[in-house]
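**Student:** Compute the structure for the input listed below.
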Amino acid sequence: MMLGYFGRYLRVDLVHGATPVAIAEETLRSLIGGVGLGTALLMRETRARFDPLGPDACVVFAFSPFVGTSITTSAKLAVVSKSPLTGRLNDALSSSDFAIAGKRSGHDAIVLRGRAEEPSVVLIDGERVRIERCADLWGTGESVSSVDATLSKRYPGYHFAVIGVAGENLVRYAGICNGGRHAGRGGLGAVLGAMRIKAVGVRGKQPVTVADPKRLVDIARDLARRSLGPATEKYRELGTIANLAAFNRLAALPTKNFQESTFEGAEALSGETLTRTRALGKSSCRTCTIGCEHFFAAPGGKRVKLEYESLFALGPLCGIDDPDVTLAAALRCDELGLDTISAGGTIAFAMECNERGLLSHPDLRFGNGQALLAMLDDIAHGKSELGRLLQQGSRAAAERIGPPAPDFAPHVKGLEIPGYEPRALQTMALGFAVGSRGADHNKSGAYEVDFSERVDRFAPSLEAVAMAVDTENRAALIDSLILCKFLRGVFDDLYVEAAEALNAITGVPFDAAELRAVAERIVLMKKLFNLREGWTRDEDRLPRRFTSEALEQGVARGAIVDETRLDALIEAYYEARGWRRDGTVPEQTIAQSGL
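**Tutor:** Coordinates of the predicted model:
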């Protein structure tokens with residue numbers, strides 16, 4: 001067995017007990033770990049067309065050979081499942097001590113399946129697994145951080161992944177919190193909620209053994225040194241919230257449910273303003289040298305970690321320019337266990353519906369901060385008929401409301417669109433359309449192409465497709481190693497440097513060409529999962545708003561997604577991947593991939 005791995009995963013069946021299961025070395029080498037391994041195990045452990053909230057559902061916590069080593073940003077795990085929001089593959093990355101403890105339990109992944117008889121906590125200590133009842137923690141409305149603190153006191157030495165009240169109530173964009181960080185998108189918290197699992201706790205003492213410790217230390221030191229260079233400066237200085245002012249200047253800031261692309265109140269919410277007026281300090285994830293976490297003062301003397309995606313979704317997207325409201329909303333999402341992007345996107349959609357007369361709510365309109373805060377609570381708890389409708393996300397809500405709501409529901413494949421205006425960043429529009437998870441800025445870095453000036457971001461040519469494919473491949477490899485995306489600009493050559501690190505860890509001679517093939521294989525495997533679950537070509541598209549309504553603001557004035565051009569880009573993407581024109585995959589492509 002290659003070093004850096006344990007060669008097995010732990011299957012925790014909530015009805016029949018826990019069993020260690022071997023993983024072939026060939027599987028580990030061909031998929032590395034993280035999202036690649038997690039997707040393979042999800043396919044192995046489930047049958048086609050299963051209900052993500054049903055008794056056959058499965059959640060995979062997948063680690064990698066980098067976890068437990070000295071490589072910067074490597075204390076990460078991938079959580080993989082079928083999304084109850086999209087019905088397609090969902091994978092989310094998160095950094096914390098949970099990742100290290102889970103790996104040191106002696107497993108390359110942990111698979112949960114089945115449904116507990118009553119609300120429970122799963123405790124994994126090496127090969128010992130206990131399922132403890134926790135009725136006192138279910139249905140209380142306690143915040144995620146409070147439950148985590150209670151569990152840590154009750155079960156010393158364990159590190160926990162916890163769902164909030166949103167997960168208990170099966171909100172289809174409920175997340176999982178571990179160590180104050182979130183595997184947020186796609187409804188993973190609802191999957192655990194349907195399993196009646198409030199939390200998963202892990203602890204372990206098994207060391208991660210590497211082949212060449214001295215060489216690995218040298219590699220880790222060099223990468224750590226470069227991680228403090230200009231490629232990560234903005235993350236250290238302002239964090240990702242620096243994007244808000246920059247995107248506003250570029251007329252690429254989604255505003256009022258994507259009706260506009262600049263926001264008059266952007267200055268009050270900018271990273272520069274918040275840092276000057278409300279900063280409370282910085283921190284970093286475990287094993288990270290970058291330190292991108294920035295904390296700010298929320299109302300009531302509370303402290304909140306803020307990222308761009310939360311800031312945009314709970315600010316400009318809802319027409320909110322009050323920092324107090326936006327910070328309070330971000331904190332409330334964290335405490336309730338709600339994905340901030342989908343929460344903001346779904347509420348912004350409802351605000352527009354209400355202003356158009358498609359809904360009847362006395363206060364739900366753009367700019368009303370108190371209505372935003374109240375609706376977050378309503379959604380998490382399912383207090384009202386509208387709250388229960390919005391628990392399903394913008395796609396399902398639009399289908400219930402009826403035309404014209406589906407034309408402006410802000411999603412792809414059911415996943416709400418993050419903070420990148422597709423009409424102003426049209427290579428990113430391609431990345432959103434074809435993304436396996438739906439509209440996703442983490443799985444496709446096509447916005448890098450738009451910002452690079454290598455293409456016309458308002459009308460990219462077919463040459464942009466190869467660049468978009470390259471960003472998606474690199475993201476797939478990074479998510480399987482698993483490392484932070486903020487390192488992408490630090491590497492001189494990701495594939496060469498990742499191969500060197502893997503050689504030092506595993507003792508196996510990886511090379512750049514092999515890792516390029518691994519990246520393509522992982523993207524293909526995600527596609528095959530979605531095909532198994534019923535994907536159709538019609539899913540790879542944007543809402544009608546982006547192809548029928550031109551932007552009217554700033555440098556993006558007149559920008560619109562030409563549907564014919566987008567279709568041509570999508571078909572060129574399929575061709576580049578070796579797929580058919582309808583997006584299905586020939587047997588020859590599968591065979592050539594080695595899957």
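
**Student:** center of the chain - which residue?
**Tutor:** When Cα atoms, centre = their mean is applied to the chain, the residue found nearest the centroid is Ala92 (4.0 Å).

**Student:** Where does that one fall, secondary structure wise?
**Tutor:** Element membership of Ala92, judged by DSSP states H and E, is strand 89-95.

**Student:** Buried by neighbour count: which residues of that strand qualify?
**Tutor:** If you call a residue buried by 16 or more other Cβ atoms under 10 Å, then strand 89-95 has these buried ones: 89-95. In this view, the C-beta of every residue, glycine as well, is placed from N, C-alpha and C.

**Student:** Can you report phi and psi for Val304?
**Tutor:** In terms of degrees, to the nearest 10, the main-chain angles of Val304 are phi -130, psi 140.

**Student:** Report the secondary structure state of Val111.
**Tutor:** strand (DSSP: H, G, I helix; E, B strand; the rest coil).

**Student:** That one: what's it in contact with?
**Tutor:** Val111 sits next to 9-12, 41, 45, 58-61 when contact means Cβ atoms under 8 Å, 6 or more residues apart in numbering.

**Student:** ditto for Pro55
**Tutor:** Here Pro55 is in contact with 114-115 (criterion: Cβ under 8 Å, 6+ apart).

**Student:** again, only using 10 Å
**Tutor:** 14-15, 113-115, 194-195 (Cβ atoms under 10 Å, 6 or more residues apart in numbering).

**Student:** Dump these to a markdown table, plus secondary structure.
**Tutor:** As requested, those are arranged in a markdown table below (three-state DSSP):
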| residue | secondary structure |
| --- | --- |
| Leu14 | coil |
| Val15 | coil |
| Arg113 | strand |
| Gly114 | coil |
| Arg115 | coil |
| Ala194 | helix |
| Met195 | coil |
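
**Student:** Most neighbours of all these, which one?
**Tutor:** The residue in those with the most neighbours, by other Cβ atoms under 10 Å, is Met195 (24 neighbours).

**Student:** now that one: how far from Val59?
**Tutor:** 7 Å (Cβ to Cβ, to the nearest Å).

**Student:** Which neighbours do those two have in common?
**Tutor:** 112-113.

**Student:** for the helix or strand encompassing Ala464, what is the average pLDDT?
**Tutor:** Element membership of Ala464, judged by DSSP H and E, is helix 463-481. For helix 463-481, mean pLDDT rounds to 97.

**Student:** swap in stretch 108-128?
**Tutor:** Mean pLDDT, stretch 108-128: 97.

**Student:** For it, buried residues please.
**Tutor:** 108-116, 119-125.

**Student:** Repeat that for stretch 231-241.
**Tutor:** 231-232, 234-236, 238-241.

**Student:** residue contacts, Phe50?
**Tutor:** 56-58, 82, 532-533.

**Student:** An error on my part: the question was meant for Ala99.
**Tutor:** 61-64, 66-68, 74-78, 93, 159, 161, 178-179, 181, 202, 285-287, 482.

**Student:** Distance of it relative to Val144?
**Tutor:** With Cβ to Cβ as the criterion, Ala99 and Val144 are 18 Å apart.

**Student:** the helices in the stretch 151-300 of the chain, which residues?
**Tutor:** With helices called from DSSP state H, counting those that start in this stretch, the stretch 151-300 of the chain shows them at 165-168, 188-194, 213-226, 233-237, 243-249, 266-269, 271-278.

**Student:** Go ahead and confirm Val35 touches Leu483.
**Tutor:** No - using Cβ atoms under 10 Å, Val35 makes no contact with Leu483, being 11.7 Å away.

**Student:** who has more neighbours, those two?
**Tutor:** Ranked by neighbour count (other Cβ under 10 Å), Val35 and Leu483 place Val35 first, with 32 against 26.

**Student:** Identify the residues contacting that one.
**Tutor:** Val35 neighbours (Cβ under 10 Å, 6+ apart): 60, 62, 64, 78-80, 89, 91-93, 436, 443, 475-482, 522, 525-526.

**Student:** Would you verify that it is located in a strand?
**Tutor:** No - Val35 is assigned helix when assessed by three-state DSSP, not a strand.

**Student:** just to revisit the earlier point, max pairwise distance over the contacts of Pro55: which two?
**Tutor:** In those, two members sit farther apart than any others by Cβ to Cβ. They are Val15 and Ala194, at 14.1 Å.

**Student:** these two touch, right, Ser83 and Val59?
**Tutor:** No - contact criterion Cβ under 10 Å: Ser83 and Val59 do not qualify, at 11.3 Å.

**Student:** Pull up the overlap in contacts between these two.
**Tutor:** 52, 90, 188, 191.

**Student:** name the helices or strands packed onto whichever helix in the chain runs longest?
**Tutor:** Looking across the chain with DSSP state H, the single longest helix is helix 512-532. Here helix 512-532 touches helix 25-31, helix 34-45, strand 76-82, strand 89-95, helix 463-481, helix 494-506, helix 563-577, helix 587-593, going by 3 or more Cβ pairs under 10 Å, 6 or more residues apart in numbering; DSSP states H and E.

**Student:** That helix to helix 34-45, inter-axis angle?
**Tutor:** With axes from the mean of the first three to the mean of the last three Cα atoms, to 10 degrees defining the directions, helix 512-532 sits at 40 degrees from helix 34-45.

**Student:** pull the CA atoms of helix 512-532 into CSV?
**Tutor:** The C-alpha trace of helix 512-532 is given here as CSV (Å, rounded to 0.1, in the frame of the first residue of the first chain):
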residue,chain,number,x,y,z
ALA,A,512,2.6,15.7,-14.2
ALA,A,513,1.1,13.8,-17.1
GLU,A,514,-0.4,11.2,-14.7
LEU,A,515,-2.0,14.0,-12.6
ARG,A,516,-3.4,15.7,-15.7
ALA,A,517,-5.1,12.5,-16.5
VAL,A,518,-6.3,12.1,-12.9
ALA,A,519,-7.9,15.6,-13.1
GLU,A,520,-9.8,14.8,-16.3
ARG,A,521,-10.9,11.4,-14.9
ILE,A,522,-12.4,13.1,-11.8
VAL,A,523,-14.4,15.6,-14.0
LEU,A,524,-15.6,12.6,-16.1
MET,A,525,-16.6,10.6,-13.0
LYS,A,526,-18.7,13.5,-11.7
LYS,A,527,-20.4,13.7,-15.1
LEU,A,528,-21.1,9.9,-15.1
PHE,A,529,-22.7,10.2,-11.6
ASN,A,530,-25.0,12.9,-12.9
LEU,A,531,-25.9,10.9,-16.0
ARG,A,532,-26.7,7.9,-13.7
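
**Student:** returning to what we had before: between the shared contacts of Ser83 and Val59, which sits nearest Ala466?
**Tutor:** The closest of the shared contacts of Ser83 and Val59, once distances to Ala466 are taken by Cβ to Cβ, is Asn90, at 27.0 Å.

**Student:** correct me, but that closest one touches Arg437?
**Tutor:** Yes - between Asn90 and Arg437 there is a contact at 6.0 Å, judged by Cβ under 10 Å.

**Student:** Touching both of those two, which residues are there?
**Tutor:** 83, 185-186, 415.
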